[in-house]
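[1] Okay, here's the prediction I keep looking at, along with the sequence it came from:
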Amino acid sequence: MNNIILLDRDGKFLRYILEYQPNIDVCVLVCEYHYPQVSSLIKQHKSRITHVLDYMNLPALKDVESIDYALIAKMKHIQIDIETMLHRIMLNNPLAKDIYHQHLSFFSHIFSTQKIDCVICAEMLLGTPNHLVPFGLAKMLNIPSYTLLGINDIIFTHNYNTDIFLSHKKCNVSILERNLFYDYITYGDTSSTLKSRIRHFVRKIGGQILVEFIVHLKKFNFTSDKLGIPYNFFTKFASFLKYKKMLAYYKKHSTIASFEEKFIYYSLHLEPEAAIIGRTVFESQLTAIRMLSKALPKGWKLYVKEHPHQFMLNDELTTYFMHNIEFFKNIEFYKQIQNVPNTVLLSLELPSKSILPKCQAVASFDGTITLESINFKKPAILFNPNPSPYKYLANTLPIQSYKDVQIAVQKIQEGYGTHIEPKAEMEKLARYVLDSTQPSFYQDTFLAMKEHALSFAKDK
């Protein structure tokens, strides 16, 4: 492994490569250039980094020389995912398509003129063109590619080509147990400066949207940008008001159930999170709910509960989800769920801990509810099993078709997954986990990738 494409926004993986892997050059680095560590590393190691793309400025890339219709046709599924992701921050279809094609042309040229040995993303694939395009091309060309999937400090190393997860010699069950019911961190700035304290105070009053309004008012300029794409604050604020109406509707029409009948608990996924966009063939939660309802035994209910963080977007880290939130989730979405036979919306006041002991099974795309279900010995239906480490658990039921849903429900009736040993399942999952707080994290991660890439090359 000598020549790689590295997607590393904060530069931590880059630092490890440059300091401890002297024989490896970075052909393309996708990063957030504003980080001092990143810009410093790039300046110090110019000879080992050929191309640098700023993750925060998508329109800056201009490249059309390698546009090819045959390639566009082969990569159409990638294009759809990228354009969907770009709807998170804009509703400008011509610009979205142009940004995609510029990146496709650039990376096509890289792969056709350079010998790329590996593509690495130091986090989950985020659905952006500078993430999905190189991974899509690498998979098409049979070049090993890896991403890191994380829940707080828990990190899984995922091989994008084959949808397997790399196992490690060190097993860390304790970190899995610590993150079983993990806290949601809604802030990025933890410094104690006066400016940070003022922002924190304002955020407590009106959330991040109020912080942004004050900043814009101070500058007397209500235009900003996300990923280099301009937007108007008042357009975002209008979307925020729709978001508040959506919350009010959900609260009014959801219920605190008595759970007297048998039921399956469907935990909705947060949208528009990248975990769905660009990481799964099947993306429709509404269709998943319809399939479950259709397959329910007579007398059973399907209880659907919104993700606890779906209405916590007015924070520092996920406020950009509100730009065009109505495109991804809206009042009509909840109305459609209400119209599905034998289906009930559950109140946000009900924690999953109070629902899990009473349900016959849980269902989700690949949410952490699956991890939580282990301790309660409940079967878990997975609608997005391929890129999920939970598929290795004995209580999961992977779905690839409606027929699979019918089979899964039949197995649940027969007691599938209720006899598992939680400790054994945690140990099984722990084989694929690394602790990102450990000093050897990047070394262990990279060596696992390198070992797998070598065996991948031999098999090829």
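    Thanks, I have it.
[2] Going by C-alpha atoms from here, please, whenever you check contacts or count neighbours.
    Noted.
[3] Low-confidence stretches in the chain?
    The chain contains residues with pLDDT under 70 at 178-191, 460.
[4] for the stretch 351-460 of the chain, what spans make up the helices?
    352-355, 369-375, 402-413, 422-430, 441-459 (DSSP state H, counting those that start in this stretch).
[5] what's the neighbour count on Leu217?
    Residues near Leu217, counting by other C-alpha atoms under 10 Å, number 11.
[6] Ok, Gln21 next?
    If we define neighbours as other C-alpha under 10 Å, then Gln21 has 13 of them.
[7] gap between it and Leu14?
    Using C-alpha to C-alpha, to the nearest Å, we find Gln21 at a distance of 10 Å from Leu14.
[8] one step back: can I get the helices of the stretch 351-460 of the chain in CSV with distance to Phe111 and mean neighbour count?
    Output for these, formatted as CSV (distance: least, C-alpha to C-alpha, whole Å; neighbours: other C-alpha atoms under 10 Å):
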stretch, distance to Phe111, mean neighbour count
helix 352-355, 46, 14
helix 369-375, 38, 23
helix 402-413, 38, 17
helix 422-430, 35, 18
helix 441-459, 17, 15
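[9] mind checking which helix or strand Asp225 is in?
    Per DSSP states H and E, Asp225 falls inside strand 223-226.
[10] Remind me what that strand packs against, helices and strands.
    Packing contacts for strand 223-226, counted by 3 or more C-alpha pairs under 8 Å, 6 or more residues apart in numbering; DSSP states H and E, involve strand 229-232.
[11] Can you list the buried residues in the strand it packs on?
    Buried positions in strand 229-232, judged by neighbour count with 16 or more other C-alpha atoms under 10 Å: Ile229, Tyr231.
[12] Out of the helices of the stretch 351-460 of the chain, which is closest to Ile229?
    Of all these, helix 441-459 sits nearest to Ile229, with 32.4 Å by C-alpha to C-alpha.
[13] so what does the closest one touch, helix or strand wise?
    So helix 441-459, by 3+ C-alpha pairs under 8 Å, 6+ apart, packs with helix 12-20, strand 433-435.
[14] Quick check: which of the ones you listed is buried the most?
    strand 433-435 (a mean of 26; mean count of other C-alpha atoms under 10 Å).
[15] helices or strands next to that strand in the packing?
    On a contact count with 3+ C-alpha pairs under 8 Å, 6+ apart, strand 433-435 meets strand 154-159, helix 441-459.
[16] Mind listing the strands the helix or strand following the shortest one pairs with, and their directions?
    The one in question is strand 154-159. Sequence order places strand 164-165 as the next helix or strand after strand 154-159, per DSSP H and E. If you go by DSSP bridges, strand 164-165 pairs up with strand 154-159 (antiparallel).
[17] Secondary structure of Met85: a strand, I assume?
    No: assigned with DSSP: H, G, I helix; E, B strand; the rest coil, Met85 falls outside any strand and is helix.
[18] Please, where are all the strands along the stretch 51-200 of the chain?
    118-121, 145-151, 154-159, 164-165 (DSSP state E, counting those that start in this stretch).
[19] I'd like these laid out as JSON lines, including mean neighbour count and distance to Thr50.
    Output for the strands of the stretch 51-200 of the chain, formatted as JSON lines (neighbours: other C-alpha atoms under 10 Å; distance: least, C-alpha to C-alpha, whole Å):
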{"stretch": "strand 118-121", "mean neighbour count": "23", "distance to Thr50": "15"}
{"stretch": "strand 145-151", "mean neighbour count": "21", "distance to Thr50": "19"}
{"stretch": "strand 154-159", "mean neighbour count": "23", "distance to Thr50": "25"}
{"stretch": "strand 164-165", "mean neighbour count": "20", "distance to Thr50": "30"}
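[20] Out of the ones you listed, the one nearest Thr343 is which?
    Of all the strands of the stretch 51-200 of the chain, strand 145-151 comes closest under C-alpha to C-alpha, at 29.6 Å.
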